[in-house]
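**Q** Need a 3D model of the following:
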Amino acid sequence: MKTLYIVRHAKSSWKCPELPDDERPLLEKGKKRTRKIIDFLLDKNVTVDLIISSHATRALETAKIIGHALGYPEENILISRQVYHANADQLYDQFFDLSDDINSLMIVGHNPTFTNFANQFLDKKIDWLPTSAVVSISFDTPLWVNLPLAKRTTNFVAIPKEL
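**A** Residues are numbered from 1 along each chain as shown. Predicted structure coming up:
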């Protein structure tokens, strides 16, 4: 069994237009919404074996905040520049080479890619994955490479405004 957590980064600031897009920091409002998600994840006893994050500041900050709350070591977060520019199909490349000893993976990144990626697995499609939201899907397979064909179950779609 493999479990995938698809996390959109927390709400970020547009306050400094001179900053490159990938350097925009989180807003305090985004951190507060992420704390709601963390409470939800802790309530569900979520643990992760690996966190992969986009290199963008807002995504990496989100990954660190959630990882810390889940007891995941910050230094073990795998930072991927490819997540920032990937399309939904290219996100598969992030975990097909993973060890099959990893059973739960959290990937933190951006829209519209993360909405499109999540919708590949969801029976009830979503229009837009809001900031700080998490989609959790379990796959009935021992191999990451078999994900696209595996029987799957949606565990939850957690959206801060709905918690």
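
**Q** make it CA atoms for all contacts and neighbour counts henceforth
**A** Noted.

**Q** mind checking which helix or strand of this protein has the lowest mean pLDDT?
**A** The weakest-scoring helix or strand in the chain, judged by mean pLDDT, DSSP states H and E, is helix 88-91 (a mean of 86).

**Q** list the buried ones in that helix?
**A** Ala88, Leu91 (16 or more other CA atoms under 10 Å).

**Q** any idea how far the residue of the chain positioned farthest from its centre is from Arg24?
**A** Computed with CA atoms, centre = their mean, the residue of the chain farthest from its C-alpha average is Glu18, at 26.9 Å. Distance of Glu18 to Arg24, given as CA to CA, to the nearest Å: 10 Å.

**Q** And the next helix or strand past the least confident helix or strand of the chain?
**A** strand 104-109 (DSSP states H and E).

**Q** Partner strands of that following strand, with direction?
**A** Partners of strand 104-109 in the sheet, by DSSP bridges, are strand 2-8 (parallel), strand 50-54 (parallel).

**Q** Pull out the buried positions in stretch 15-26.
**A** Under 16+ other CA under 10 Å, the buried positions of stretch 15-26 are Glu23, Arg24, Pro25, Leu26.

**Q** The residue farthest from the centre of the chain and Thr131: what is the separation?
**A** From Glu18 to Thr131 the distance is 22 Å (CA to CA).

**Q** Over to Leu91?
**A** 18 Å.

**Q** ok, now Thr3?
**A** 21 Å.

**Q** what's the answer for Thr113, then?
**A** 13 Å.

**Q** same thing with Asp101?
**A** 30 Å.

**Q** ok, and what's touching the longest helix seen in the chain?
**A** Ranked by number of residues, the top helix in the chain under DSSP state H is helix 28-43. With CA atoms under 8 Å, 6 or more residues apart in numbering as the contact definition, helix 28-43 has outside contacts at 10-12, 62, 65-66, 69-70, 131-134, 158-161, 163.

**Q** Just the ones of the residues you listed in helices?
**A** Per DSSP H, the contacts of helix 28-43 map to helices at Thr62, Ile65, Ile66, Ala69.
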